[in-house]
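>>> Sequence and predicted structure, then a few things I'm wondering about:
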Amino acid sequence: MNRSAATIEVVARTRIPLPVLAVASLVLVTTALAFVFFVAPNDANQGFSQRIFYFHVSIAITAYALFAGAAWKALRHLWKRDPRADLESYVFVHQGVIFGTLVLLTGSIWAKISWGRWWLWSSDQLVLFLVLFLFYCAYFMLRFSVDPGPQRANLSAVYALFGVVLIPVSFAAIRLAKDIIHPVVFTLKGPQFGGWILVTYCIAQVAVPVLAYTLYRLELSSKRLDIRLRDLREVLA
Amino acid sequence: MNYVRDVGALTRKDLLLELRARDTLPAMLLFVAAVFVVFHFALPGEPSKLETTGLLWVAILFTALLGLGRAFVPEREQRTLDGLVLAPCDRSAIWLAKSLATLAFLAAAEVVALPLYALFFHHVGGATVAAVLLADLGICAVGTFLGAMAVATRARDLILPLLFLPLAIPIVVGAVGASVVHSPGRYLGFLALYDLLFAVVCWASFEFVVSE
Amino acid sequence: MLTARRLGKRYGEKRALRRVDLELPRGGFLVVTGANGSGKTTLLRICVGLAQPTEGTIERAAERGRIGYLGHEPLVYRELTALENLELYGRLYRVAERRERIGMLLERFGLWEARHERVASYSRGMTQRLALSRVLLHEPELLVLDEPFNALDEAGAELLDAQLAELRGESTFVLATHDPARVVALASGRLALAS
């Protein structure tokens, strides 16, 4: 129990404090929104509504990073026996699923705007995220079906590693699947990059990961507090 | 050398257990036949080769799931996994042996399923058979691995399809592709790559699935 | 052989074991007592390595393959014969002169005649005797037995008494039991677990 108290202190000392992250996120996301809606010019083909692209792509890249983070922490748990890694891996997956859901939502909206349909099987990115969504939802089913303890941590970690191997394999599979029948023309295309569009995109691409990391740290500290409370309750019992 | 003998002894054990219990293989055979009949009624009219090939792979996948769900039942119900885990042998031998045994049963089921499919629907070509063999390897390697994970949970049989199906999607793509396309080489190669990649991951991480 | 400090195990909210210390030298015989639910089984599983503690540490001088564990389940396959079960474990535990040793143990525990019959057809006493054969098959340095007398008939219990007496001093023992009087003569140490 003293170990977790000491751990929280050490963590607070060596990492960026949460309030700083929260302010940074707020500033960056507000700036990104401002640029997306007011600064970036209308796309030649798709007009105002195409702006969702800025967030769709940055959220997708962030989601990949979160899943990769989960696999990294999973590896640390299995290999280095890092006692904090299990919870960190779980929170990464959780945030990854949240952002993955956002990818599906923004992608769906963009598809409706571009082609008038709410779903496009021909969009590789969208289909990949659907597969990953299914995969990582199963992660939660797995995790909540096992009592907390070393075994649950091991199973979760192994599954998270499978996930990160699945990402490139699924992507290749989706590409191959399109060649079985004649390739279809419906795709989601971004605008021509240049000038303000590039700037806006870069701001969004920085803002979203920072937001994701802030949410990750927030959830992590709240879960660690829960654990500490439970330990204290047990000592008092 | 010890490893090979361990796998041999364990595979023999798994085959013996199933041959004596005699429940999984008959169930798989009956299931696949019933599924084909359901497919006929589910797709009225004359389905094209493309459509029925897809159905074939759906049938194989779900028949495999039926068998995979039963794979670790003796270890779970009789707690014998503890006995195997305490042995000095490499834990991955348990997974490999179980996969090989499951492969044997799946192949046995397919020996009946493929001619039945040819009878009901369309002729089965050489590429399809090759795809079946390669896909079986992946299905058994990954499915057995996930079966061991599922057995450690409360949800057990309920959770195995949820874990398995997302990982099986690349197999379906490779298998269906190889079955319908004119030059199946790319798809067969993809299946082989999937098998290799996931077999290595399973082999390396099975240790953590069965020990704390 | 075994050293544990402030050992504890928790499954989520449920606490199974609380702050256990033990020191078991080579050749010792530790008797573990306690009511149902006091954590005897959990402690034994941790001693053997099937479970990891959530608090505290445990050190084990015996490596995997030199430990014999008898849990509540006999850990034998019901659809296999006694001979097939022991052949499998003999192979996995790298037992030297497997055939002879298996034959000797089956004979000692009175299972030789039934060796080709499936374990599913055995009585509970016979199954437990087979489990004991399995445990002793590889001549383990550390023997961890969880209420071994429970499923045994009187004849089997006497066989076990004889085995324990014979191996006392050669192997190290951890034995959990409801009836400590039976083994008190052999014990070098005692651990009572409270709920």
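Noted; the coordinates are in hand. Residues are numbered from 1 along each chain as shown, chains lettered A, B, ... in the order given.
>>> If you tally nearby residues, what's the number for C:L30?
C:L30: 22 surrounding residues under other C-beta atoms under 10 Å in any protein chain shown. (Each C-beta comes from the backbone N, C-alpha and C, glycine too.)
>>> Note down every partner strand of the helix or strand hosting it and its orientation.
Using DSSP states H and E, the secondary-structure element containing C:L30 is strand C:29-34. Within its sheet, and counting by DSSP bridges, strand C:29-34 is paired with strand C:172-176 (parallel), strand C:189-193 (parallel).
>>> Around chain C, which positions in chain A sit nearby?
Neighbours of chain C within chain A, by C-beta under 8 Å from any C-beta of the partner chain: A:147-150, A:230, A:234.
>>> What about those residues, which are in helices?
In this view, those that belong to helices under DSSP state H are A:150, A:230, A:234.
>>> which of those count as buried?
A:P150 (16 or more other C-beta atoms under 10 Å in any protein chain shown).
>>> out of the ones in helices among the residues of chain A next to chain C, who's nearest chain C?
A:P150 (4.5 Å; C-beta to the nearest C-beta).
>>> from memory that closest one sits against C:P53, does it?
No. The pair A:P150 / C:P53 is not scored as a contact, 9.0 Å apart, by C-beta atoms under 8 Å.
>>> hmm, back to that, may I have the strand holding C:L30 exported as PDB, CA atoms only?
As requested, the backbone C-alpha atoms of strand C:29-34 are provided in PDB (Å, rounded to 0.1, in the frame of the first residue of the first chain):
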ATOM      1  CA  PHE C  29       7.200 -31.400   6.900                       C
ATOM      2  CA  LEU C  30       4.800 -28.500   7.300                       C
ATOM      3  CA  VAL C  31       1.200 -29.200   8.200                       C
ATOM      4  CA  VAL C  32      -1.200 -26.500   7.300                       C
ATOM      5  CA  THR C  33      -4.600 -26.400   9.100                       C
ATOM      6  CA  GLY C  34      -7.500 -24.100   8.900                       C
END
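>>> Contacts made by the next helix-or-strand element following that strand with the rest, please.
Under the assignment DSSP H and E, the closest C-terminal helix or strand after strand C:29-34 is helix C:40-48. Residues external to helix C:40-48 that are found in contact with it (C-beta atoms under 8 Å, 6 or more residues apart in numbering or on different chains): B:86, C:2, C:4, C:7, C:9, C:16-17, C:20, C:32-34, C:51-53, C:58, C:60, C:67, C:69, C:71-72, C:142, C:144, C:146-147, C:174, C:176, C:193.
>>> burial measure for A:P209, as a count.
Quick note: A:P209 (other C-beta under 10 Å) scores 19 neighbours.
>>> Against chain B, how distant is it?
Counting by C-beta to the nearest C-beta, to the nearest Å, the gap from A:P209 to chain B is 25 Å.
>>> okay, that residue: pLDDT?
Per-residue pLDDT puts A:P209 at 94.
>>> cool, and the one 10 residues further on?
The pLDDT attached to A:E219 in the predicted structure is 95.
>>> repeat for B:R79
In this model, B:R79 carries a pLDDT of 87.
>>> That one reaches C:E73, doesn't it?
Yes. The pair formed by B:R79 and C:E73 meets the contact definition of C-beta under 8 Å, at 4.0 Å.
>>> ok, the residue in chain B positioned nearest to chain C - contacts?
Across chain B, no residue is closer to chain C than B:P88, which sits at 2.9 Å (C-beta to the nearest C-beta). With contacts defined as C-beta under 8 Å, 6+ apart, the neighbours of B:P88 are C:63-65, C:92-94.
>>> what does chain A have sitting close to chain B?
For chain A, the residues found near chain B under the criterion C-beta under 8 Å from any C-beta are A:78, A:131-132, A:134-135, A:137-138, A:141-142, A:145-146, A:149-151, A:154-155, A:157-159, A:161-162, A:165-166, A:169-170, A:172-174, A:176-177, A:179-181.
>>> Same question for chain C.
When proximity is defined by C-beta under 8 Å from any C-beta, chain C lies next to chain B at C:48-52, C:63-65, C:67, C:69, C:71, C:73, C:75-80, C:84, C:87-89, C:91-94, C:118, C:134.
>>> Just the residues you listed: which are in helices?
Going by DSSP H, the helices hold C:48, C:84, C:87-89, C:91-92, C:134 from the residues of chain C next to chain B.
>>> Quick check: which ranges of chain A have low pLDDT?
Within chain A, the stretches falling below the threshold (pLDDT under 70) are A:1-14, A:43-49, A:182-187, A:190-192.
>>> in it, which spans are helices?
A:2-14, A:18-34, A:52-75, A:85-115, A:124-144, A:150-178, A:196-236.
>>> ranking these by burial, who's on top?
Between the helices of chain A, helix A:52-75 has the highest mean count of neighbours, a mean of 23, where neighbours are mean count of other C-beta atoms under 10 Å in any protein chain shown.
>>> Is the residue of chain B closest to chain C in a helix, a strand, or coil?
In terms of secondary structure, B:P88 is coil; the call rests on DSSP: H, G, I helix; E, B strand; the rest coil.
>>> Can you lay out the helices of chain A as a markdown table showing distance to B:A150?
Output for the helices of chain A, formatted as a markdown table (distance: least, C-beta to C-beta, whole Å):
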| stretch | distance to B:A150 |
| --- | --- |
| helix A:2-14 | 31 |
| helix A:18-34 | 37 |
| helix A:52-75 | 19 |
| helix A:85-115 | 19 |
| helix A:124-144 | 8 |
| helix A:150-178 | 10 |
| helix A:196-236 | 26 |
